[in-house]
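Novice: take a look and give me a structure for this.
(one chain, ligands or ions: 1)
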Amino acid sequence: MKRFFISLLVIGSKSFSQHEIPLCKTTEDIAFNERSSFQRTILVARSSASSNFQVSYYRCIWDIDPAVRVVKGNITSHFTTNTTTNTISYDLSDQLTVDSVYYHDSKTSFSRPGTDLLQINFPVSINAGQKDSVTVFYQGIPPYSGFGTFNQTTHNGVPVIWTLSEPYGAKDWWPCRNGLDDKADSIDMIISCPDAYRASSNGMLVNETDNGTIRTAFYKHRYPIASYLVAFGVTNYKVLNHSVQLGNINLPMITYCYPESETSFQLNTPKVLQALSLYHQYFGAYPFINEKYGHTQFSWGGGMEHQTNSFIITPEENLMAHELAHQWFGDKVTCGSWQDIWLNEGFATYLSYFYFEKIDPAGHLNRLKNLSNSTTSAPDGSVWVNDTANINRIFSGRLSYNKGAYVLHMLRWVLGDTLFFRGIRQYLSDPKLAYGFARTDDLKRNLEQVSGKDFSEFFKDWFTGQGYPAYTVKWTQNNNSWARITISQVTSHASVSFFEMPLALNFKNATQEKTVVVNSSTNNEIFWENIGFKADTVIIDPEYWVLSRNNISVKENAITTMVNDIKLYPIPATTGITIRIRNPSGNDFQLRVYNTAGQLLSTKQVTTSGRDEEIQFNFSQLPRGVYLLRLEAGDFHLTRRIVLK
Ligand SMILES: [Zn+2]
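Specialist: You can find the predicted model right below:
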């Protein structure tokens, strides 16, 4: 579903020149524009196509003159009916005129009932399960709305037309099934234009001819594709050819840019090649590896991840990394509901961070810190979209993009890199999801399968729950440099009572540091960790793995109490006794056994860690009776009576 444009504040139908467009680089900007764009189309009805057929293939033939905002062409679709029928209907804007419909080389009748609907009537009934085909000849001026689905403007004085269909805009300019209930298995596009121009589209350019006045491009795409991801652009494009080696395959990376932008695209394309290699390595093979990846320049502010061919306004690094990521998360696997928009946008946002983590490790922590700060700038809000009628909520940059990205970062923290990336790769290649649609539970199921962990609580807290924890870490150390750590948290929103998470703590002084990780699972839980030196500072979550805010680290007074608890069992003892001692001071001590006459019978030296100690004493050599157990350390002593039966 959806949209994925990144970018700017371009409003209405006014034409604009490059210098007027502020390129936005932050996620908030991305979300703002996706929202603006969505508001434009939310009023457009979704699919009204009949549900009695599925399309497996489209052949689209278009005549386009970028100087004239008109679409003219014919669309042949191969389809299979679900029921025996003599009629099917496609989505198509009422502003477009259907000239004729051909079925088995003969004209057949059609009607335009309802709104934005093309009903085709066959001369005979088509049996359920039968494969068949039909061709629609049509033309007209597509409905225009702002930067709309079928856009015409100029760049540097030269006309350009590009499409940007968004969730439900494809029917504005071609007859198709407009919904997200299925993807056609493949598509061909044959686009003719005056030969001063050339067309860019999805898939592979298998043929381009020029008869002296008209240039015709034949594009072939052999992967499942949703109709909103079908697109073309036509202008005096300059074509740049690059490639990237992905395993055994040398993938073409083809750029169609405005001639005036050639230098910039030439300069920046290597960055997206680097991102391609990286994503291919970590997230599984580039989803359309038998074809190409490409960029097509358009004048809409931002980017849109058209399949195999992202449309972008400028080759800005974050924009390129984000749109490329959508080829895996959005195009190959598309979120199956608005509630799960983070499966597109959270992933695309996180992959862009991942890209920068690899190419600019020095800036990584600062970027995460900023991401955390923006995500926790309000105390509430879930990644799960609780109100799909609320456009601002669906495209919330803070929640669907940033918090979604942070949830992925935390899954990586909990799982470790190996299992995290394996789990994500399995999700992308899951036969139920690949080249189709997914819900959040599908991601959870795959992560659980690779790890054996139960992520129910995690998703309850971080996906459907709202807010984040504020940690208080109280710590002190004993003479042996063991640290006693007490961790508590308050949550920013009542929907989550406690966020169970592993938490990293960095102990440091002027010359040494050590990071320990504790599993914080209840409030005021006490942990003992051997630090190995005396620290003066503890930094909570130094690498920003856990979304949190307002954390406090408190150094408590040094532990001086020698022993604050001692337990003996069993009582009475028979052959031996177990002594459990809590000795937070960390001082070594002796255990001595005396008889009631005061004679020393046995001594045991105990080297303590400072944690709870369990010491076994064997009394089998001693006669039954009463003894005194004395614990001694310097001038400290403690005596307990033992009855041996
Ligand atoms: Zn996006």
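Novice: so where's this protein shaky on pLDDT?
Specialist: Counting by pLDDT under 70, the low-confidence segments of the chain come to 1-46, 144-148, 166-167, 180, 389, 391, 560-565, 584-586, 608-612, 634-636.
Novice: rerun at 50
Specialist: 1-26, 38-45, 146-147 (pLDDT under 50).
Novice: how about the residues of the stretch 201-350 of the chain by the ion?
Specialist: 345, 348 (CB under 5 Å from the ion). To be clear about C-beta, it is placed using only N, CA and C from the backbone, and glycine gets the same treatment.
Novice: can you tell me the residue of the stretch 201-350 of the chain closest to the ion?
Specialist: residue 348 (4.4 Å; CB to the ion).
Novice: for that residue, what are its contacts?
Specialist: 4, 305, 322-323, 325-326, 329-330 (CB atoms under 8 Å, 6 or more residues apart in numbering).
Novice: recalculate using a threshold of 7 Å.
Specialist: 4, 322, 325-326, 329-330 (CB atoms under 7 Å, 6 or more residues apart in numbering).
Novice: which of those residues fall within helices?
Specialist: Cross-referencing the contacts of residue 348 against helices under DSSP state H gives 322, 325-326.
Novice: neighbouring contacts of stretch 449-463?
Specialist: By CB under 7 Å, 6+ apart, stretch 449-463 touches 382-384, 407, 410, 414-415, 419, 422-423, 426, 440, 444, 447-448, 496, 499-500.
Novice: of those residues, just the buried ones, PyMOL syntax please.
Specialist: To isolate the buried members of these in PyMOL, using 16 or more other CB atoms under 10 Å:
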select buried, resi 382+383+384+407+410+414+415+419+422+423+426+440+444+447+496+499
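Novice: the residue of the stretch 201-350 of the chain closest to the ion and residue 354: what is the separation?
Specialist: Separation of residue 348 from residue 354 (CB to CB, to the nearest Å) stands at 11 Å.
Novice: most neighbours out of the ones in helices among the contacts of residue 348, which is it?
Specialist: Neighbour counts for these, by other CB atoms under 10 Å, peak at residue 322, which reaches 32 neighbours.
Novice: can you list the domain ranges for this structure.
Specialist: 49-123+131-230, 350-464, 469-555, 565-644 (automatic domain parsing).
Novice: let me see the contact set for the residue lying closest to residue 535 once chain neighbours are set aside.
Specialist: Closest residue in space to residue 535, ignoring its immediate chain neighbours: residue 507 at 3.8 Å, by CB to CB, 6 or more residues apart in numbering. By CB under 7 Å, 6+ apart, the contact set of residue 507 is 483, 513-514, 531, 535, 538.
Novice: for residue 117, see how far away residue 507 is.
Specialist: Distance from residue 507 to residue 117, by CB to CB: 68 Å.
Novice: ok, now residue 606?
Specialist: 86 Å.
Novice: which of the two has more neighbours?
Specialist: The residue with more neighbours, out of residue 606 and residue 117, is residue 117; 21 against 16, by other CB under 10 Å.
Novice: what's across from the more buried one in the sheet?
Specialist: Beta-bridge partners for residue 117, by DSSP bridges, are residue 91.
Novice: residue 221 now?
Specialist: Applying DSSP bridges, one finds that residue 221 bridges with residue 187.
Novice: secondary structure element holding the nearest residue to residue 100 once chain neighbours are set aside?
Specialist: The shortest distance from residue 100 to any residue other than its chain neighbours is 4.8 Å, reached at residue 137 (CB to CB, 6+ apart). Using DSSP states H and E, residue 137 sits in strand 131-140.
Novice: and the next helix or strand past that strand?
Specialist: Later in the chain than strand 131-140, the nearest helix or strand by DSSP H and E is strand 150-155.
Novice: sorry, back to before: mind listing what's buried in the helix or strand where the residue nearest to residue 535 lies?
Specialist: Residue 507 belongs to strand 501-508 when assigned by DSSP H and E. Buried residues in strand 501-508, defined by neighbour count with 16+ other CB under 10 Å: 501, 503-508.
Novice: tell me how far it lies from the chain's centre.
Specialist: 25 Å (CA atoms, centre = their mean, to the nearest Å).
Novice: now do the phi/psi pair for whatever residue of the stretch 401-550 of the chain ends up closest to the ion.
Specialist: At 7.6 Å from the ion, residue 401 is the closest residue in the stretch 401-550 of the chain, using CB to the ion. Backbone geometry at residue 401, expressed as degrees, to the nearest 10, gives phi -90, psi -60.
Novice: I'd like the distance between it and residue 129.
Specialist: Note on residue 401: its distance to residue 129, by CB to CB, is 43 Å.
Novice: go on, residue 210?
Specialist: 43 Å.
Novice: and if you look at residue 465?
Specialist: When residue 465 is compared with residue 129 (using CB to CB), they lie 46 Å apart.
Novice: neighbour count: the two, which is higher?
Specialist: residue 465 (21 against 10).
Novice: dump the buried residues of strand 501-508 to JSON lines, plus distance to residue 452.
Specialist: Below are those laid out as JSON lines (distance: CB to CB, whole Å):
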{"residue": "501", "distance to residue 452": "18"}
{"residue": "503", "distance to residue 452": "22"}
{"residue": "504", "distance to residue 452": "23"}
{"residue": "505", "distance to residue 452": "26"}
{"residue": "506", "distance to residue 452": "29"}
{"residue": "507", "distance to residue 452": "31"}
{"residue": "508", "distance to residue 452": "35"}
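Novice: just to revisit the earlier point, of all the domains of the chain, which lies closest to residue 301?
Specialist: Within these, the stretch nearest residue 301 is domain 49-123+131-230; the backing value is 8.0 Å (CB to CB).
Novice: please state the offset of that closest one from the chain centre?
Specialist: The offset between the C-alpha centroid of domain 49-123+131-230 and the centroid of the whole chain comes to 31 Å, using CA atoms, centre = their mean.
Novice: ok, now stretch 241-255?
Specialist: For stretch 241-255, the distance to the chain centre is 25 Å (CA atoms, centre = their mean).
Novice: what comes up buried for it?
Specialist: 242, 244, 246, 251, 253-255.
Novice: could you do stretch 417-437 as well?
Specialist: Neighbour-count burial for stretch 417-437 [16+ other CB under 10 Å]: 419-430, 433, 435-437.
Novice: what do you get for stretch 208-226?
Specialist: For stretch 208-226, using 16+ other CB under 10 Å, the buried residues are 215-221, 223-226.
Novice: now, the most widely separated pair of these?
Specialist: Using CB to CB for every pair in these, the one that comes out farthest apart is 215 and 224, at 28.9 Å.
Novice: phi, psi of the nearest residue to residue 523 once chain neighbours are set aside?
Specialist: Leaving aside its sequence neighbours, residue 523 sits nearest to residue 488 (CB to CB, 6+ apart; 4.8 Å). The phi and psi values for residue 488, taken as degrees, to the nearest 10, are phi -130, psi 160.
Novice: run a quick neighbour tally on residue 488.
Specialist: If you count neighbours by other CB under 10 Å, residue 488 ends up with 17.
Novice: so it is in contact with residue 472, correct?
Specialist: Yes - counting by CB atoms under 7 Å, residue 472 is a contact partner of residue 488 at 5.0 Å.
Novice: residue ranges for the strands of the stretch 1-150 of the chain, please.
Specialist: Assigned by DSSP state E, counting those that start in this stretch, the strands in the stretch 1-150 of the chain fall at 53-63, 71-81, 85-91, 96-103, 106-111, 117-126, 131-140, 150-155.
Novice: okay if I get the ones you listed as CSV plus distance to the ion?
Specialist: Listed next are the strands of the stretch 1-150 of the chain as CSV, based on distance: least, CB to the ion, whole Å:
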stretch, distance to the ion
strand 53-63, 25
strand 71-81, 26
strand 85-91, 24
strand 96-103, 29
strand 106-111, 37
strand 117-126, 30
strand 131-140, 31
strand 150-155, 19
